[in-house]
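S.K.: just need the structure, nothing else, for what follows:
(one chain, ligands or ions: 1)
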Amino acid sequence: MARSYVHEARRRVGPRRARIGLIVERLAREHPDARIALRSRSPLELLVAVMLSAQTTDVNVNRVTERLFAKYRRPEDYLAVPPEELQRDIFATGFYRQKAKSLRGTMSMLIEEFGGEVPRRVAELVRLPGVARKTANVVAAELGDAQGIVVDTHVRRLSQRLGLTRHDDPVKIERDLQRLVPRGEWGRFPHLLIWHGRRVCLARAPRCTVCIVNDLCPASRVDVTPAIRPTSGASA
Ligand code: SF4
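M.R.: All right, here's what the predicted structure looks like:
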């Protein structure tokens, strides 16, 4: 896309700080059901489900965890069976050897360092084997204390299209979003982008004509009157 066109599009919609409130408000109205699709009934089940969700679909994980959680109820249960048995039980989620190793390492640390409980702080969660920042952010947010903003493929794509970041690196995107999105929305915001990304702002063919934020989006493919009047000299 030509640089002048991008610049003009950003100028048309106005600065991101002026748009973010409206974007959150409208997406929340459009997707009131936006929430995590992984099923769990406890912090431990949540942690396991999120760890298993790497490189596979939430539907697939839910299918596997339905039986898994009936068999493995406490951290000790994951260590009480031979590694091969745990590998078989999570086989359908893919990368089962690595995931089983991470699960066993995580369960050991939970028992030895956290009294068998799942910690709430991202700084502690990322110490668990196989738990990266994204997983830690998801778990902390779902436990009611979002300490960062989850950046997955949908969040990255929509943040870029909506002109909320110019970065490609998830860590830098998260930093931009943290500066922009009100703290109280850090948990819900990624879900809003994820669901909008799945339903409307599709990767290959965004449905801009039916998009609720098309007047706030510099990447919009439809010609609409912007909801925010550009202010001279404001940076998008
Ligand atoms: S206007 Fe188009 S590109 Fe922008 S968020 Fe909506 S669907 Fe995506």
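
S.K.: residue contacts, the residue nearest in space to the middle of the chain?
M.R.: Ranked by distance to the mean C-alpha position of the chain (Cα atoms, centre = their mean), the top residue is residue 150 at 3.8 Å. Contact analysis of residue 150 by Cβ atoms under 8 Å, 6 or more residues apart in numbering lists 134, 137-138, 141, 190. Heads up, the C-betas are built off the backbone N, CA and C, glycines and all.

S.K.: neighbouring contacts of the helix of greatest length in the chain?
M.R.: When the chain is parsed with DSSP state H, its longest helix is helix 96-114. Helix 96-114 is touched from outside by 44, 47-48, 51-52, 54, 75-76, 78-79, 83, 86-88, 90, 93, 116-118, 124, 127-131, with contacts defined as Cβ under 8 Å, 6+ apart.

S.K.: how about the helices in the chain?
M.R.: Going by DSSP H, the chain shows helices at 3-13, 16-30, 43-52, 58-71, 75-80, 83-90, 96-114, 122-125, 133-142, 153-161, 170-180, 188-199.

S.K.: can you list the contacts of residue 150 in JSON lines and add neighbour count, distance to the ligand and pLDDT?
M.R.: Converted to JSON lines, the contacts of residue 150 look like this (neighbours: other Cβ atoms under 10 Å; distance: Cβ to the nearest ligand atom, whole Å; pLDDT from 0 to 100):
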{"residue": "134", "neighbour count": "20", "distance to the ligand": "22", "pLDDT": "91"}
{"residue": "137", "neighbour count": "25", "distance to the ligand": "22", "pLDDT": "94"}
{"residue": "138", "neighbour count": "26", "distance to the ligand": "23", "pLDDT": "96"}
{"residue": "141", "neighbour count": "22", "distance to the ligand": "22", "pLDDT": "96"}
{"residue": "190", "neighbour count": "29", "distance to the ligand": "15", "pLDDT": "97"}
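
S.K.: related to what we said a few turns ago, how far does the longest helix of the chain sit from its chain's centre?
M.R.: Put simply, helix 96-114 sits 22 Å off its chain's centre (Cα atoms, centre = their mean, to the nearest Å).

S.K.: could you export that helix as PDB, CA atoms only?
M.R.: Output in PDB follows, covering the C-alpha atoms of helix 96-114 (Å, rounded to 0.1, in the frame of the first residue of the first chain):
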ATOM      1  CA  TYR A  96       2.200 -34.300  22.600                       C
ATOM      2  CA  ARG A  97       5.700 -35.200  23.700                       C
ATOM      3  CA  GLN A  98       6.800 -31.600  24.400                       C
ATOM      4  CA  LYS A  99       3.400 -30.800  25.900                       C
ATOM      5  CA  ALA A 100       3.500 -33.800  28.300                       C
ATOM      6  CA  LYS A 101       7.000 -32.800  29.300                       C
ATOM      7  CA  SER A 102       5.900 -29.200  30.000                       C
ATOM      8  CA  LEU A 103       2.900 -30.400  32.000                       C
ATOM      9  CA  ARG A 104       4.900 -32.700  34.200                       C
ATOM     10  CA  GLY A 105       7.600 -30.000  34.800                       C
ATOM     11  CA  THR A 106       4.800 -27.500  35.600                       C
ATOM     12  CA  MET A 107       3.100 -29.900  38.000                       C
ATOM     13  CA  SER A 108       6.400 -30.600  39.800                       C
ATOM     14  CA  MET A 109       7.000 -26.900  40.300                       C
ATOM     15  CA  LEU A 110       3.400 -26.200  41.400                       C
ATOM     16  CA  ILE A 111       3.800 -28.900  44.100                       C
ATOM     17  CA  GLU A 112       7.300 -27.900  45.200                       C
ATOM     18  CA  GLU A 113       7.100 -24.100  45.000                       C
ATOM     19  CA  PHE A 114       3.400 -23.100  45.100                       C
END
